[in-house]
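Asks: sharing a model prediction with you, sequence too.
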Amino acid sequence: MSGNGAMNIFDIAGRAMSAQLVRLNTTASNMANAGNVTGSAQDAYRAIKPVFTSVTDSPGVSTVKVSDVVTTKAEPTKRHDPNHPLADANGDVWEAAVDSNAELVDMIETARMYQNNVQVLNTAKSLMLETIRIGK
């Protein structure tokens, strides 16, 4: 493993971990807003998602970055609740457009991907230390 190769491993894993942190933050925001209600469809919270883009810095070496965070096109759920303080003139409220189950799956998947990159870094570090030990 050359020094340049080692740095590529740390750089690639680090960038992937940064992208997963953005994904985790968007999921946390979505979960925090799940169940929130408003008095109009326009004001209702809609889930947000990161947009990942492949980045190739050198031939054969690609990683990922978050190029944007977008609001999904999911529609809020209209619910008739005339006693709710935010209800409109028809007695309707709109619940945030967040699929809690999908967000939980995303959270688990993101945590696993992050952990996989931590393992890659730990393995690379162990190999480098072993190489240094053998070289002495």
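Replies: Right, received. Where do you want to start? Numbering: from 1, shown residues only.
Asks: every contact and neighbour count from this point should use C-alpha atoms.
Replies: OK.
Asks: what packs against the helix or strand harbouring residue 127?
Replies: In this structure, residue 127 sits in helix 100-135 according to DSSP states H and E. Judged by 3 or more C-alpha pairs under 8 Å, 6 or more residues apart in numbering; DSSP states H and E, helix 100-135 is in contact with helix 3-33.
Asks: how much does the helix it packs on deviate in direction from helix 100-135?
Replies: 160 degrees (axes from the mean of the first three to the mean of the last three C-alpha atoms, to 10 degrees).
Asks: need the contact list for the nearest residue to residue 48 once chain neighbours are set aside.
Replies: Counting by C-alpha to C-alpha, 6 or more residues apart in numbering, residue 48 lies nearest to residue 71, which is 4.4 Å off, once chain neighbours are set aside. With contact set as C-alpha atoms under 8 Å, 6 or more residues apart in numbering, residue 71 has these partners: 46-49.
Asks: can you tell me the average pLDDT over the helix holding residue 127?
Replies: Mean per-residue pLDDT for helix 100-135: 92.
Asks: buried ones in that helix?
Replies: For helix 100-135, burial by neighbour count (16 or more other C-alpha atoms under 10 Å) applies to 100, 103, 107, 110-111, 114, 117-118, 120-121, 124, 128.
Asks: quick one: these as CSV, columns for distance to residue 93 too.
Replies: Formatted as CSV, those follow (distance: C-alpha to C-alpha, whole Å):
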residue, distance to residue 93
100, 19
103, 22
107, 28
110, 32
111, 34
114, 38
117, 43
118, 44
120, 47
121, 48
124, 53
128, 59
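Asks: any idea how far the residue nearest to residue 48 lies from residue 103?
Replies: 14 Å (C-alpha to C-alpha, to the nearest Å).
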